[in-house]
Each structure stands twice: as structure tokens, then as C-alpha cells.
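Enquirer: here you go, sequence then predicted model.
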Amino acid sequence: MINNIRHSGIVVNDLAASLHFYKDLLRLKVIKQMDESGCYIDNILGLQAVKVTTVKMAVSDGQMIELLKYHNPESEQITRRIHDTGLTHIAFTVDNLDSEYNRLKGQGVPFNFPPQLSPDSYVKVTFCRAPEGTFIELVEVL
């Protein structure tokens with residue numbers, strides 16, 4: 001039986017830029033950072049000669065994401081669209097979306113559109129992109 005979602009993994013090409021985005025701009029806390037290689041990581045990933053830096057990061061309630069920077073094998077940058085099959089975005093709840101939008105926009109974070117009120121007036125929502133292209137949904141429950 002599944003108890004909870006442990007984390008979502010995000011492969012990045014520029015670890016420094018991604019850490020700046022998730023840690024400094026979105027204010028996630030780095031829980032653990034490590035370099036991994038060897039039989040264990042090769043076996044669980046089904047790859048050979050893996051060298052990867054992993055960074056587990058958490059929001060205030062303990063929910064986590066994991067950034068993965070592969071040094072071997074190298075990663076290919078793929079431009080994903082919001083409607084492509086597979087994992088398309090990560091959603092974070094914020095206290096004041098207008099404030100977060102203005103703060104992040106001022107830091108050069110690209111957004112699809114300014115915050116929008118849902119048709120049922122329950123939430124305000126916007127989407128931006130992280131440095132590696134992952135869509136990030138920011139939601140304020142009203």
C-alpha cells in the first residue's frame with residue numbers, strides 16, 4: 001500500500017541555476033545533497049557508469065522534490081509542452097499569489113500569464129517555468 005508521495009525527481013542541466021530558482025526564489029530547503037555512483041545507482045536506474053548529483057529539497061510541510069544533475073550519462077535538453085504526455089508540472093500552494101508573482105517576475109522568472117481567478121473563485125493560479133523548463137503552478141486558495 002502506498003502511504004504518501006516521497007518526492008518528484010527533476011533532471012537538470014544547470015544545477016546552480018536550478019538551486020537558485022528552487023532554494024533562493026521559491027525558498028525550498030535543501031535537505032540532502034550527494035554525489036552518487038556505483039553498482040547500486042546503476043542497478044536501480046538500469047544504466048551503466050552513472051555519476052549523478054542529487055539534491056533533495058522540501059517545502060515547509062516536508063513535501064519534497066529531488067534535483068538530479070547527471071554527469072554521466074549526459075542529459076538531453078527536451079522542450080516539454082504543458083499538454084505533452086507524462087508529468088507536466090509541479091504545483092505549490094502560496095499564501096499571496098500576487099505578491100509571489102510580482103517578486104518572481106521581478107527576478108526574471110518567465111510566466112505564462114498573470115495570476116487568474118478560477119471560474120468558481122476558489123483559487124487564484126499562474127504558471128511559470130523553472131530554469132530546466134519544468135512548469136511550476138503557483139496556487140493561492142482563497
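Expert: Yep, it's here. Numbers count the residues shown, from 1 in each chain.

Enquirer: what helices or strands is the longest helix along the chain leaning on?
Expert: If you go by DSSP state H, the chain has its longest helix at helix 97-106. Under the contact criterion of 3 or more C-beta pairs under 8 Å, 6 or more residues apart in numbering; DSSP states H and E, helix 97-106 touches strand 123-129, strand 135-141. For the C-beta atoms, the positions are set from N, CA and C on the backbone; glycine is no exception.

Enquirer: what's the following helix or strand after that helix?
Expert: Using DSSP states H and E, the helix or strand that follows helix 97-106 in sequence is strand 116-117.

Enquirer: partner strands of that following strand, parallel or antiparallel?
Expert: Applying DSSP bridges, strand 116-117 is found paired with strand 123-129 (antiparallel).

Enquirer: the strand it pairs with vs helix 97-106, what angle?
Expert: Between strand 123-129 and helix 97-106, the angle comes out at 10 degrees (axes from the mean of the first three to the mean of the last three C-alpha atoms, to 10 degrees).

Enquirer: ok, and what's touching stretch 25-43?
Expert: Here stretch 25-43 makes contact (C-beta atoms under 8 Å, 6 or more residues apart in numbering) with 19, 22-23, 48-59, 64-65, 92, 104, 107, 109, 136.

Enquirer: buried ones from the residues you listed, can you make that a ChimeraX selection?
Expert: To isolate the buried ones among the contacts of stretch 25-43 in ChimeraX, judged by 16 or more other C-beta atoms under 10 Å, type:
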select :19,22,50,52,54,55,56,57,64,65,104,109,136
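
Enquirer: Asp35 should be in a helix, yeah?
Expert: No. Under DSSP: H, G, I helix; E, B strand; the rest coil, Asp35 sits outside any helix and is assigned strand.

Enquirer: roughly how far apart are it and Thr88?
Expert: To Thr88, Asp35 is 29 Å away according to C-beta to C-beta, to the nearest Å.
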